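Visitor: this one's sequence-less:
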């Protein structure tokens, strides 16, 4: 069965430090991959997505993610974290042939220390 | 652009009553919307796919008679939780699918349901 795994439930980083959130997927072919951020009282916001082509994807708010087929990973990175980045981050994939049915990872809560 | 709204944002109801949640795409049309359920501190689980003008398709394990979905127009989908029970208490989130430089979904802010 298709699945998305985010190994880190909770991560704490200092403001200004770099960030990497891990995501692994289980799917035979290359799925569509997404990173979303969820803040309290707000809907999930799309940070970036990967369909094909360049494996390093740039997103909004200074985030980027790298697709690594050999590792079945799509890790999210940011070189310098801001206090406003504290939120819940979800990795998701559409592995059903572009049906739009997203499978979400468990989420990673990011806490930013001043 | 690409804003999705949900109404109400939260609702408290008595066990046995029915609750309707609306999902609207405010500045675009969406032939397909999705309904998700999120338990506290957990991920989103897809419940059903709502297609304008046709019956919704439900994921395995989701009771179609319990969770009625209607997609009456290109900008509105509704989820009705019928005869709600405390175990139906959850956070319900909708999304609207568009093709914008590839597959993209825009999510509503969610509706928190508490059944007493």
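Guide: All right, it came through fine. Worth saying up front: this structure is predicted, and the values here are computed from it rather than measured.
Visitor: What are the phi and psi values at residue A:53?
Guide: Per-residue torsions, residue A:53: phi 90, psi -140 (degrees, to the nearest 10).
Visitor: do the same with residue A:84
Guide: phi -70, psi -10.
Visitor: what's the spacing between it and chain B?
Guide: Counting by Cβ to the nearest Cβ, to the nearest Å, the gap from residue A:84 to chain B is 18 Å. To be clear about C-beta, it is placed using only N, CA and C from the backbone, and glycine gets the same treatment.
Visitor: Tell me how far that residue lies from residue B:107.
Guide: Separation of residue A:84 from residue B:107 (Cβ to Cβ, to the nearest Å): 19 Å.
Visitor: Which one's more surrounded, these two?
Guide: residue B:107 (23 against 10; other Cβ atoms under 10 Å in any protein chain shown).
Visitor: That one against residue A:44, yeah?
Guide: Yes. Between residue B:107 and residue A:44 there is a contact under Cβ atoms under 8 Å: 4.0 Å.
Visitor: can you list residues touching both of those two?
Guide: A:36, B:93, B:95 (Cβ atoms under 8 Å, 6 or more residues apart in numbering or on different chains).
Visitor: Put together CSV for these, with secondary structure and neighbour count on each row.
Guide: As requested, the shared contacts of residue B:107 and residue A:44 are exported to CSV (DSSP: H, G, I helix; E, B strand; the rest coil; neighbours: other Cβ atoms under 10 Å in any protein chain shown):
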residue, secondary structure, neighbour count
A:36, strand, 25
B:93, strand, 25
B:95, strand, 28
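Visitor: For the host helix or strand of residue B:49, enumerate the helices and strands it packs against.
Guide: Assessed by DSSP states H and E, residue B:49 sits inside strand B:44-51. In terms of contacts (3 or more Cβ pairs under 8 Å, 6 or more residues apart in numbering or on different chains; DSSP states H and E), strand B:44-51 is packed against strand A:103-104, strand B:32-38, strand B:57-58, strand B:67-73.
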